[in-house]
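# attaching a predicted model along with its sequence, questions to come.
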Amino acid sequence: QSLITCLLYLKDKRIATGSQDATIKLYETHGFKCQLQIPAHLSGVTHLAETEKGYLVSCSCDCTLKLWEINFKCFRNIAVFCGHLRWVTSSVPLGLTTIVSGSEDQTVMIWDTPSHKALKTIEFDGMVSGLHKLKNYNRLVAFTNDKVASFMDIEDDYKVIKKLPGVHCYLNNSFLETEDDKLIVGGVQMFNIIDLKTMEIIRSVEEKKLSYIGSLALINQNTLVLGCLSNFYQFNLDTLKCNGHKIEEHLTLVTSM
């Protein structure tokens, strides 16, 4: 067995996982029985996303991303997107014909799915650790390892309209958009809360005990749960104080919740 690196709950109510062994698996929600398994890439799978049509997008350490048609009996590879020079860390499907990908080669690439070609390449000063499409704005946020969050206007040819320094996003699961127009971003021993209307940091928390924040979840309006290595931490968002800590037997980084 190999480590699961990403997990996605699909529209058809199944669960897809990607692994360091380069495979993708599909599981039933009830009983968690594996239905399908494929050797998807030449190296580890780093991220999974789902398109509006229900296709699956996989990113990999083999520098490619792939588009898959999935049903209850088989996977069918529709497209392979080649152009990145290092690990592809993240992807965001936009509409019916566009996929945006981020990579450790310090670029974001805009892909046309019918032609399988890159329409645009945007260069950054650091490796791209994550991408996120905002719910209420036609904007993408690219997180880079030089601790900058770059806001891009999709309607204006992905022009970078704001660079926000001081934001560290550890992994592509290390952020959470809330219903009140906030974006919580977890890094190493810290997390930031960004106001999406002003695109500014409104709160910052630094805690050495947090270690590497691999995932975030809200269990109610005021309680944030952070997954850090084999630990879970609870923070009160009003006071920004830690009010709970639990050690689990994961023995590895918690990367999805």
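Yep, that arrived.

# which intervals of this structure have sub-threshold pLDDT?
1, 230, 246-257 (pLDDT under 70).

# the same query, at a cut-off of 90, please.
1-7, 12, 29-33, 70-75, 170-173, 207-222, 225-233, 237-238, 240-257 (pLDDT under 90).

# partners of residue 81 in the sheet?
Residues in a beta bridge with residue 81, per DSSP bridges, are residue 65.

# was I right about it contacting residue 112?
No. Between residue 81 and residue 112 there is no contact under C-beta atoms under 8 Å: 9.6 Å. For every residue, glycine as well, the C-beta is placed using N, CA and C.

# residues shared between the contacts of these two?
residue 118 (C-beta atoms under 8 Å, 6 or more residues apart in numbering).

# please, which helix or strand holds the spatially most central residue of the chain?
Using C-alpha atoms, centre = their mean, the residue of the chain that lies closest to the mean C-alpha position is residue 172, 3.0 Å off. For residue 172, there is no host helix or strand (DSSP states H and E).

# contacting residues for it?
Per C-beta under 8 Å, 6+ apart, neighbours of residue 172: 6, 46-47, 89-90, 129-131.

# closest to residue 37 out of these?
Distance to residue 37, by C-beta to C-beta, is smallest for residue 6 among the contacts of residue 172, at 15.0 Å.

# run through the residues that contact the closest one.
17-18, 45-48, 172-173, 255-256.

# just the buried residues from the contacts of residue 172, in ChimeraX please.
To isolate the buried ones among the contacts of residue 172 in ChimeraX, judged by 16 or more other C-beta atoms under 10 Å, type:
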select :6,46,47,89,90,129,130,131
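
# the contacts of residue 172 in strands, which ones?
6, 46-47, 89-90, 129-131 (DSSP state E).

# tabulate these in CSV, adding columns for distance to residue 205.
Converted to CSV, the ones in strands among the contacts of residue 172 look like this (distance: C-beta to C-beta, whole Å):
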residue, distance to residue 205
6, 26
46, 27
47, 26
89, 24
90, 24
129, 19
130, 19
131, 23
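
# is residue 234 bridged to anything, and to what?
Beta-bridge partners, per DSSP bridges, of residue 234: residue 225, residue 244.

# how many neighbours does it have?
Here the count is done by other C-beta atoms under 10 Å, and residue 234 has 15 residues near it.

# same check on residue 96?
So residue 96, with other C-beta under 10 Å, has 11 neighbours.

# so it makes contact with residue 52?
Yes. Residue 96 sits in contact with residue 52 when judged by C-beta under 8 Å, with a separation of 5.9 Å.

# what sits in contact with each of the two?
Counting by C-beta under 8 Å, 6+ apart, nothing touches both residue 96 and residue 52.

# hmm, back to that, and the gap between the residue nearest to the centre of the chain and residue 227?
Distance of residue 172 to residue 227, computed by C-beta to C-beta, to the nearest Å: 14 Å.

# what of residue 189?
Distance from residue 189 to residue 227, by C-beta to C-beta: 14 Å.

# between the two, which is the more surrounded one?
residue 227 (24 against 17).

# where does that one fall, secondary structure wise?
Going by DSSP H and E, residue 227 is part of strand 223-228.

# name the residues of that strand that are buried.
So strand 223-228, judged by 16+ other C-beta under 10 Å, has buried residues 224-228.
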